[in-house]
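Engineer: the following block contains a protein sequence and its predicted model.
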Amino acid sequence: MKTLSTLTLAIAMAAATPFALAQEGAHAGHAGHGAYDAHAGHAGHASETAPALTDGEVKKIDKETGKITLRHGEIRNLNMAAMTMVFRVKDAAMLDQVNVGDKVRFAADRDNGAVAIVQMEKAQSMTQ
């Protein structure tokens, strides 16, 4: 009888292990994949710090819609690979400070559910 109880317990534990691992794995990477973060508004959360600046190049400016097309490097805080894409800007005045072809450094973050440029500056030229 003791052998049967031990065997039953071992089978039950072995059967439960994949479910426990699946639950752990399913929640392990949510923060970095754009999923809803229930803690985003809480004081002291990492998202409250300013995102790091990313290098980019201005490809197009659309002042009428408040958007800019940038070829950019990796945007780590958004878990976004390097690519060319259109961003809206949080402040339309940013678009008056750059021209097509300019090298820029910018910070992008989520603003009202959409990705937006929250800070942008012309990159410093290496040959001054």
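Structural biologist: Everything's here; your move. Numbers count the residues shown, from 1 in each chain.
Engineer: any low-confidence regions in the protein?
Structural biologist: Applying pLDDT under 70 to the chain flags residues 1-48, 125-128.
Engineer: all strands of it, in order?
Structural biologist: Along the chain, the segments classed as strands by DSSP state E run 54-62, 67-72, 83-89, 103-111, 114-122.
Engineer: possible to save those strands as TSV with distance to Gln97 and mean neighbour count?
Structural biologist: Glycine gets a C-beta too; all of them are placed from N, C-alpha and C. Formatted as TSV, these follow (distance: least, CB to CB, whole Å; neighbours: other CB atoms under 10 Å):
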stretch	distance to Gln97	mean neighbour count
strand 54-62	10	17
strand 67-72	11	20
strand 83-89	10	16
strand 103-111	9	18
strand 114-122	7	17
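Engineer: list the contacts of His52.
Structural biologist: Just so we're on the same page, residue 52 is Ala rather than His. Ala52 makes contact with Arg76, Asn77, Ala107 under the criterion CB atoms under 8 Å, 6 or more residues apart in numbering.
Engineer: apologies, that question was intended for Ala123.
Structural biologist: Applying CB under 8 Å, 6+ apart, the residues contacting Ala123 are Asp55, Asp102, Lys103, Val104, Arg105.
Engineer: how near is it to Val104?
Structural biologist: Distance of Ala123 to Val104, computed by CB to CB, to the nearest Å: 6 Å.
Engineer: buried stuff in stretch 75-85?
Structural biologist: Ile75, Asn77, Leu78, Met80 (16 or more other CB atoms under 10 Å).
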